[in-house]
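*Asks:* Next input, structure requested:
(chains A and B)
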Amino acid sequence: MKQTAFTHFHIELGAKMEAFCGYNMPISYSGINDEHITVRNAAGVFDVSHMGEFWAKGPKATDLVQKITSNDVLALTDGKVQYSCFPNGKGGIVDDLLVYRFDAETYLLVVNAANIEKDWEWCAKHAKEMGMEIGKELYNASDEIAQLAIQGPLALKAMQKLTDASVEDMEYYTFKKIDFAGIKDVIFSTTGYTGSGGCEIYIDNKDGDKLWKAVFEAGEEFGIKPIGLGARDTLRLESGFCLYGNDIDDTTSPIEAGLGWITKFNEGNNFIDKEYLLKQKEDKPSRRLKAFEMIDRGIPRHEYKIEDAEGNEIGYVTSGTKSPMLKKGIGMGYVKTGFYKLDTEIFIRVRNKALKAKIVKAPFYKA
Amino acid sequence: MNIPENLKYTKDHEWIRIEGDTAFVGVTDYAQEQLGDIVFIEIEVEGESLDAEEVFGTIEAVKTVSDMFMPVSGEVIEVNPVLEDTPELVNSDPYGEGWMIKIKMRNADEVNDLMDAAAYKATLD
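*Replies:* Alright, predicted model coming up:
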């Protein structure tokens, strides 16, 4: 099993550890609910070093990223970040990702840990077709980069103590390369997967100890705590963010998944599956990923069936949990056309019972 | 790990506390710790007579759902009413306020088939 630059800290702190995407990762420390609420109200630190990072560089980098991602990379300017996905050529999604533009010839693609190999093969195949040099113009840095996400309303305030660069007033989804906690060339990005604001910090593995210690020292007065992957999932779901493997995958399209906003059909954005997805958008897909909350008491779970009032199957749950902030069952799932308008009553088959729920708007909780 | 001496235990990590011909049933400290934050308890067998090892309810943590099993046969005469709104009591006080059900035992001899604290502890090592 692989270790991140921070694994020894998790073990030292007594975290509940589990294998995740080949890494020994912390699931929880003080308890998922407590960690969740810490991020909503103060600040929490996530080890997300398992994420993958690819560099696309050189004169063909823009064309490559434009071709393989659904969002319009030309809308990016230096220092901006974009949420996007890789369409898979069959109407589905290879992965969702963040695209960082350093300059017109330098992009960083941040992909899901579970998909690093698949994504790399996919990107390398298209880069090769465009005549790019693999290992140089497209480079997989996943094993060299460590990443911490510091999330919560007090996160930026705490991190400001560690740098002379101004980070507290940075706009959402922007980044800077700065000196931070005595480390040079840190990528400081105001992104995240919790809906509570904060930042994600990318460094070389070798600076892991230095960064971890500095972050907790700076955050102490703000009540900063380490957060595991368990709360990472409840936080992202409460904010209505998709999780690859649950809510989106190779068989779901970005249009069905409500990711039309990152699927840009404008002229100049020629990407894989553009025509297919445009047609699907115009024809309306037969199902959509929708948010719902439980009316009856119960907790929806991945793969539970969704039914209409007569007990006919109309979809399935992709993600579900009990919201730590709202204290009720919430979930997302694919629902057939005709049943996904706001406030529509649907039923979730929880074991032997059909429990009443209704379609709502995501996010479930606005931080 | 808290494993009180005065209780009996099952391999499925339930405990039972005998009081005459009635008994309280819950899940062990080990079980709650393994499950993590308990978010939902569902027990809908009040008034029903169940056999030993039959499912009497489900316990849901953030990430998992598990069944709970009757340690001995008997009638479920009470379900802990506070767990509906405060399932976290199972985490904070699994042997006290976090009890699940009160049962009227059918055959008190069945208790002899259960483990004492030392035997239960041995299964966890």
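
*Asks:* Which of the three states applies to whichever residue of the stretch 51-200 of chain A sits closest to chain B?
*Replies:* Closest residue of the stretch 51-200 of chain A to chain B, CB to the nearest CB: A:Thr194 (15.4 Å). C-betas here are computed from N, CA, C, even on glycine. Here A:Thr194 is coil, with the state taken from DSSP: H, G, I helix; E, B strand; the rest coil.

*Asks:* Identify the residues contacting it.
*Replies:* Neighbouring residues of A:Thr194 by CB atoms under 8 Å, 6 or more residues apart in numbering or on different chains: A:Val39, A:Ala149, A:Gln151, A:Gly152, A:Arg232, A:Leu235, A:Arg236, A:Ser239, A:Ala367.

*Asks:* The residues you listed into JSON lines, with extra columns for secondary structure, distance to chain B and neighbour count?
*Replies:* Listed next are those as JSON lines, based on DSSP: H, G, I helix; E, B strand; the rest coil; distance: CB to the nearest CB, whole Å; neighbours: other CB atoms under 10 Å in any protein chain shown:
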{"residue": "A:Val39", "secondary structure": "helix", "distance to chain B": "14", "neighbour count": "32"}
{"residue": "A:Ala149", "secondary structure": "strand", "distance to chain B": "19", "neighbour count": "23"}
{"residue": "A:Gln151", "secondary structure": "strand", "distance to chain B": "18", "neighbour count": "31"}
{"residue": "A:Gly152", "secondary structure": "coil", "distance to chain B": "19", "neighbour count": "29"}
{"residue": "A:Arg232", "secondary structure": "helix", "distance to chain B": "11", "neighbour count": "28"}
{"residue": "A:Leu235", "secondary structure": "helix", "distance to chain B": "11", "neighbour count": "29"}
{"residue": "A:Arg236", "secondary structure": "helix", "distance to chain B": "13", "neighbour count": "19"}
{"residue": "A:Ser239", "secondary structure": "coil", "distance to chain B": "16", "neighbour count": "18"}
{"residue": "A:Ala367", "secondary structure": "coil", "distance to chain B": "19", "neighbour count": "17"}
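
*Asks:* Please, where are all the helices along chain B?
*Replies:* For chain B, the helices defined by DSSP state H occupy B:29-35, B:89-92, B:117-124.

*Asks:* Show me the beta-bridge partners of B:Lys8.
*Replies:* In this structure, B:Lys8 bridges to B:Ile16 when assessed by DSSP bridges.

*Asks:* mind checking the end-to-end distance for stretch B:27-46?
*Replies:* 18 Å (CA to CA, to the nearest Å).

*Asks:* scratch that, stretch A:106-124
*Replies:* So stretch A:106-124: terminal residues 16 Å apart, CA to CA.

*Asks:* and what of stretch A:134-149?
*Replies:* 29 Å.

*Asks:* Can you give the distance from it to the centre of its chain?
*Replies:* How far stretch A:134-149 lies from its chain's middle: 17 Å, per CA atoms, centre = their mean, to the nearest Å.

*Asks:* For it, buried residues please.
*Replies:* For stretch A:134-149, a neighbour-count test (16 or more other CB atoms under 10 Å in any protein chain shown) marks A:Glu137, A:Leu138, A:Tyr139, A:Asn140, A:Ser142, A:Ile145, A:Ala146, A:Gln147, A:Leu148, A:Ala149 as buried.

*Asks:* likewise stretch A:151-165?
*Replies:* Quick answer for stretch A:151-165 (16+ other CB under 10 Å): A:151-163.

*Asks:* and what of stretch A:205-217?
*Replies:* Residues A:Asp207, A:Gly208, A:Leu211, A:Trp212, A:Ala214, A:Val215, A:Phe216 are the ones in stretch A:205-217 that count as buried (16+ other CB under 10 Å).

*Asks:* If residue 23 is in a bridge, with which residues?
*Replies:* Just going to use chain A. A:Lys2, A:Phe20.

*Asks:* The intended chain is chain B.
*Replies:* B:Ile18, B:Ile103.

*Asks:* Please report the distance of the residue nearest to B:Asp116 when sequence neighbours are not counted from B:Ile77.
*Replies:* Residue nearest to B:Asp116 in three dimensions, not counting chain neighbours: B:Lys8, with 6.4 Å by CB to CB, 6 or more residues apart in numbering or on different chains. For B:Lys8, the distance to B:Ile77 equals 19 Å [CB to CB, to the nearest Å].

*Asks:* between those two, which one's more packed in?
*Replies:* The neighbour comparison of B:Lys8 against B:Ile77 (other CB atoms under 10 Å in any protein chain shown) goes to B:Lys8, with 22 against 12.

*Asks:* hang on, isn't the more buried one packed against B:Pro71?
*Replies:* Yes - with contact defined as CB atoms under 8 Å, B:Lys8 counts as touching B:Pro71 (7.0 Å).

*Asks:* Find residues that contact each of these two.
*Replies:* Residues touching both B:Lys8 and B:Pro71 (CB under 8 Å, 6+ apart): B:Trp15, B:Ile16, B:Val111, B:Leu114.

*Asks:* Looking at those residues, which is nearest chain A?
*Replies:* B:Trp15 (21.5 Å).

*Asks:* Now do the same contact list for the spatially closest residue to the closest one that is not a sequence neighbour.
*Replies:* Counting by CB to CB, 6+ apart, B:Trp15 lies nearest to B:Leu7, which is 4.4 Å off, once chain neighbours are set aside. By CB under 8 Å, 6+ apart, the contact list for B:Leu7 reads B:Trp15, B:Ile16, B:Arg17, B:Tyr95, B:Ala117.

*Asks:* wait, doesn't the second one sit right on B:Phe24?
*Replies:* It stands for B:Ile16. Yes - counting by CB under 8 Å, B:Phe24 is a contact partner of B:Ile16 at 7.1 Å.

*Asks:* Neighbour count: those two, which is higher?
*Replies:* More crowded of B:Ile16 and B:Phe24, by other CB under 10 Å: B:Ile16, with 22 against 19.

*Asks:* follow-up on the earlier one: now the buried residues of stretch A:205-217 in a markdown table, please, with extra columns for distance to A:Asp283, pLDDT and secondary structure.
*Replies:* As requested, the buried residues of stretch A:205-217 are arranged in a markdown table below (distance: CB to CB, whole Å; pLDDT from 0 to 100; DSSP: H, G, I helix; E, B strand; the rest coil):
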| residue | distance to A:Asp283 | pLDDT | secondary structure |
| --- | --- | --- | --- |
| A:Asp207 | 51 | 98 | helix |
| A:Gly208 | 49 | 98 | helix |
| A:Leu211 | 49 | 98 | helix |
| A:Trp212 | 50 | 98 | helix |
| A:Ala214 | 53 | 98 | helix |
| A:Val215 | 49 | 98 | helix |
| A:Phe216 | 52 | 98 | helix |
